[in-house]
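S.K.: just coords:
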């Protein structure tokens, strides 16, 4: 009887679990920002993590939401399980919030977060450092990552951040070498218009229109995009910052995180850099063990937001190579080994009528290209930015060629990346040297690659004019990691490989009014054929359903395809 009374007393004495709730706050300019607050399940005051959403998205309202392996986003459920409150919100112009989308302006989206912190400081579940100053960190992917970087540079109440697949500059990401990344520009604009209910700043649609037509931006639009997101604000960051970027990310490439990391490192800011196979794009070479990014981000936030000094956040640099194995080094850039080099020459005819290679999100092998074969003389980890030097002359109307590295064994472009190289076609000889987009490849002895120079890629757009270019010298050097610099991964998760499919093929469809669905998603039927794209899907099977009218009756067929042998 006494034990029953004691148990009842303990239950009555325990604090009641705080309730999740929505709220609407008024930002600095009167814009209404809608939020959801998910208290820690521990039922006591706790530090809080602010987690935003990606472009065109809206706030997470599920307190048990899981993490996303493709984008690297850490779920609200995982953050709450780690002992944090979580605050999510609809960025201005998206979801239920008001206002106009201004693409992570420090003076708009950044100041909205300051208003969120003011609200948070008044909540009974929020742990405070002082009056009005909540103990708080931030994480989130893409658009949310940009907001983290601009806000943390201005509002010193933020204690640590972990931006995932974010950027440094929209000019170096979407307008690299002054040519619009047309594939992504089209996709982002198409997504942004309906999800914002048309509440996009006019510069966004103006830039898309001129970019699609000419591949260039007006001076006004260029200046506007230059003022969006982190840029020089990264120099003002002083708090622990964990940068997570995707090797297969062709929107915000590894270079964006490398630039941010180098600034933080130069300023002595506690920082960590991690590359995983994911992000804006499709991982074609294996995503490695599940949960690695989640575990690393949670460890960072527990160490620097919750203040748990016993947490080991691991080495400063971790990467997942294209063999789906985690490795690490003491820092980035890594201690170098001997580069893998090759030279070549050739003539490239640019023609706007030629079909560009790849997709709007990934580079692919080009048919019309100058090819330079490369062979790795020894096993090596190729990590970082390849260096390219061209000596050339040409005539015509072209402005750029595109360089990409094909892995001959896997049959894919390494990291799905293509790099624009500006050319001057005045008939005179020119020499240009450029770093290519950073990559992470595990090369066996004798591994064969091909450097391709091509006139167009769907990542950016078609060749912008007819031209002929003769390359008298092409020199490429692939950076490697010194043998003694390579370590294992974080060591917490087993190093296993997850097979991902590389299959993409078309099927013939007979009958009138045909409909085809792949894994429940409808795909287009054109001229009696439909494309089945299984790339990036894990090992297993996918159902393809074909419905059509034949001889006056509706026929339905189900086909099953293996995604990964």
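M.R.: Received it, and whenever you're ready, just let me know what you need. All of these numbers come straight from a predicted model, not from anything done at the bench. Residues are numbered from 1 along each chain as shown.
S.K.: give me the secondary structure label for residue 204.
M.R.: helix (DSSP: H, G, I helix; E, B strand; the rest coil).
S.K.: looking at this, residue 258 is in a strand?
M.R.: No: with three-state DSSP as the criterion, residue 258 is located in helix rather than a strand.
S.K.: what about the helices in the stretch 1-150 of the chain?
M.R.: For the stretch 1-150 of the chain, the helices defined by DSSP state H, counting those that start in this stretch occupy 2-13, 76-81, 109-120, 143-152.
S.K.: of those helices, flag the one that's most buried.
M.R.: Across the helices of the stretch 1-150 of the chain, the average number of neighbours (mean count of other CB atoms under 10 Å) peaks for helix 143-152, which reaches a mean of 27. Bear in mind the C-beta positions are built from the backbone N, C-alpha and C, glycine included.
S.K.: in CSV: the helices of the stretch 1-150 of the chain, plus mean pLDDT.
M.R.: Converted to CSV, those look like this (pLDDT from 0 to 100):
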stretch, mean pLDDT
helix 2-13, 36
helix 76-81, 98
helix 109-120, 98
helix 143-152, 97
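S.K.: and residue 524, how far from residue 515?
M.R.: Distance, residue 524 to residue 515, by CB to CB, to the nearest Å: 10 Å.
S.K.: who's more crowded, those two?
M.R.: residue 515 (15 against 8; other CB atoms under 10 Å).
S.K.: give the helix, strand or coil label for residue 162.
M.R.: Applying three-state DSSP: residue 162 is strand.
S.K.: tell me the confidence at it?
M.R.: At residue 162, the model reports a pLDDT of 98.
S.K.: what about it, how many residues nearby?
M.R.: Neighbours of residue 162 under the rule other CB under 10 Å: 31.
S.K.: what does residue 257 give?
M.R.: For residue 257, using other CB under 10 Å, the count is 27.
S.K.: now residue 390
M.R.: Residue 390: 23 surrounding residues under other CB under 10 Å.
S.K.: one more: residue 284?
M.R.: Quick note: residue 284 (other CB under 10 Å) scores 21 neighbours.
S.K.: now it: how far from residue 362?
M.R.: According to CB to CB, residue 284 stands 8 Å off from residue 362.
S.K.: anything in contact with each of the two?
M.R.: Common neighbours of residue 284 and residue 362, counting by CB atoms under 8 Å, 6 or more residues apart in numbering, are 248, 416.
S.K.: ok, residue 479 to residue 385 distance?
M.R.: Distance from residue 479 to residue 385, by CB to CB: 7 Å.
S.K.: same check on residue 456?
M.R.: Remark: distance between residue 456 and residue 385 (CB to CB) = 22 Å.
S.K.: compare the two (neighbour count), which wins?
M.R.: Ranked by neighbour count (other CB under 10 Å), residue 456 and residue 385 place residue 456 first, with 26 against 19.
S.K.: quick one: residues contacting that one.
M.R.: Applying CB under 8 Å, 6+ apart to residue 456 gives the contacts 350, 352, 354, 356, 357, 402, 462, 463.
S.K.: re the thing from before, and residue 68, which of the helices of the stretch 1-150 of the chain is closest to it?
M.R.: Closest to residue 68 of the helices of the stretch 1-150 of the chain, according to CB to CB: helix 76-81, at 10.7 Å.
S.K.: residue ranges of each domain in this protein, please.
M.R.: For the chain, whose domains are defined here by automatic domain parsing, the residue ranges read 21-169+229-329, 171-226, 340-480, 504-562.
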